[in-house]
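In: Pasting a predicted model and its sequence here:
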Amino acid sequence: MAQGFSTLIKEVHKVLPTARGEGQALWNAKVIDHREQIRDSIRASLGDSGLSKSPPRPLDWSVSISRSSVFGGWLAVPRPHRIGFDVELSGRIQPRIIERVCSRQEVAECPNPAFLWCAKESYFKALEHEQPETITQLTVTNWTVLGAGVFTFQPEKNISGILVEDSGIYYCACLRF
């Protein structure tokens, strides 16, 4: 399970070597204090400034947190770059959800339509204060297969996304430059 997150971090470092992050199965959404454990990890890596906000907005870092029922973690990049991070169980993403939030073109171009939910979530988070009203207003295109279970997408000129599929879990990061 954590191998997919490790792969995601490696791919993010190829694009932006100053990125930071950590993830653990013990930070899953079923653990009562998972939010505080994740914030403690962020404090240890980045300091305390701006972490009391929700979502956390440290002055010098863009931070994104995500958790599922089996994994939780965070990614951060130095500003002015921005990052969005999402982790999803593949079984939770139903075709009716994809039909509701994605265009036919997006579905046709994507290697696996279920990837689109995770990609749109991370893209939405990377926009921070410039988010549209709904996730349906975002278009995720330009998919490339990098290797087994590793994909990229580029919805805009200054946005790059990486999605890793590992053991039924999708780990996705979206970077805004």
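Out: Here it is on my side, so go on.
In: Would you tell me what the next helix or strand after the lowest-mean-pLDDT helix or strand in the chain is?
Out: Among the helices and strands of the chain, helix 34-46 carries the lowest confidence by mean pLDDT, DSSP states H and E, at a mean of 90. Per DSSP states H and E, helix 34-46 leads on to strand 61-67 as the next helix or strand towards the C-terminus.
In: Packing partners of the least confident helix or strand of the chain?
Out: strand 20-24, strand 61-67, strand 72-78 (3 or more Cβ pairs under 8 Å, 6 or more residues apart in numbering; DSSP states H and E). Every C-beta, even on glycine, is put in place using the N, C-alpha and C of the backbone.
In: go again using 7 Å as the cut-off
Out: Packing partners of helix 34-46 (3 or more Cβ pairs under 7 Å, 6 or more residues apart in numbering; DSSP states H and E): strand 61-67, strand 72-78.
In: quick one: it to chain centroid distance?
Out: Chain-centre distance of helix 34-46: 17 Å, with Cα atoms, centre = their mean, to the nearest Å.
In: how far away is Ser6 from Ala76?
Out: Using Cβ to Cβ, to the nearest Å, we find Ser6 at a distance of 16 Å from Ala76.
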